[in-house]
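Asker: model the following, please.
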Amino acid sequence: MNAFILFFFLLKATLTTFSGLASLPVLRQDLVLHHHVLTDQQLNTAIVVTRTTPGPVGLYVVSVGYFVDGVPGAIAGWLAMIAPALLIIPLIHFMGKRATHPRVTSTMQGVVLASAGLLWVSSIPLAREAVYDPLTIAILLVTVVLLVLRKLDSLWIILGAATLELAAASVHLVSGL
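Answerer: Numbering: from 1, shown residues only. Sure, this is the predicted structure:
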């Protein structure tokens, strides 16, 4: 897939979703399941790389572009990632005082709920790829409990999981992927 076509797939994903990882179901459907230019493992890696570095959550789109078409793909991902940010300026101008209207807020609430559902459903296949032994199952369960019961920053969860995996690998408790 060339960078120009990739740009339109990435742009479709970033324009039709409303937050960083909400584009995940769209990208997985188009690039992993339909066109087979990306694997679930590469998609997981793209997410992990961008979640462990500073920057917005949606930055993983650049990594996805890189996995599909190298540097030209990464440039396509970057352009697709910034396009919605540039389009928001005229949208905010148009919305202005209409943003508090009950119909507008109800519509936005519906979009947020639909995005959350899509994100949850698309995360299941990615979790199947990443959860492969008792340690990763424990990390998954502890993470869910911590996120449900506490307001813990995701950075600490990521660092804790990485530390546990590194410690387990260093004493040969896990072999890795």
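Asker: distance check, A99 against T107.
Answerer: 11 Å (CB to CB, to the nearest Å). All C-beta atoms are positioned from the backbone trio N, CA, C, and that covers glycine.
Asker: now swap in A80 and tell me
Answerer: Counting by CB to CB, the gap from A80 to T107 is 24 Å.
Asker: more neighbours: these two, which one.
Answerer: A80 (25 against 11; other CB atoms under 10 Å).
Asker: pLDDT at the more buried one, what is it?
Answerer: At A80, the pLDDT value in this model is 92.
Asker: counting contacts, what elements does the host helix or strand of it pack onto?
Answerer: Assessed by DSSP states H and E, A80 sits inside helix 60-95. With contacts defined as 3 or more CB pairs under 8 Å, 6 or more residues apart in numbering; DSSP states H and E, the packing partners of helix 60-95 are helix 3-15, helix 40-51.
Asker: worst-scoring helix or strand of this protein, pLDDT-wise?
Answerer: helix 102-130 (a mean of 80; mean pLDDT, DSSP states H and E).
Asker: could you point out which element follows that one?
Answerer: By DSSP H and E, the next helix or strand past helix 102-130 is helix 134-149.
Asker: quick check: which ranges of this structure have low pLDDT?
Answerer: Within the chain, the segments meeting pLDDT under 70 span 18-19, 174-177.
Asker: got a list of what the spatially most central residue of it touches?
Answerer: By CA atoms, centre = their mean, the chain has its centre lying nearest to L21, at 3.1 Å. Listed by CB atoms under 8 Å, 6 or more residues apart in numbering, the contact partners of L21 are I47, V57, G58, Y60, L119.
Asker: where's it relative to L59, distance?
Answerer: Taken as CB to CB, the span from L21 to L59 is 11 Å.
Asker: just V104 next, same as before
Answerer: V104 is 28 Å from L59, by CB to CB.
Asker: please say which of the two ends up with more neighbours.
Answerer: L59 (19 against 12).
Asker: how far away is that one from A80?
Answerer: Taken as CB to CB, the span from L59 to A80 is 11 Å.
Asker: check M95 too.
Answerer: 23 Å.
Asker: tell me the buried residues in the least confident helix or strand of the chain?
Answerer: Going by neighbour count (16 or more other CB atoms under 10 Å), the buried part of helix 102-130 is S115, L118, L119, S122, S123, L126, A130.
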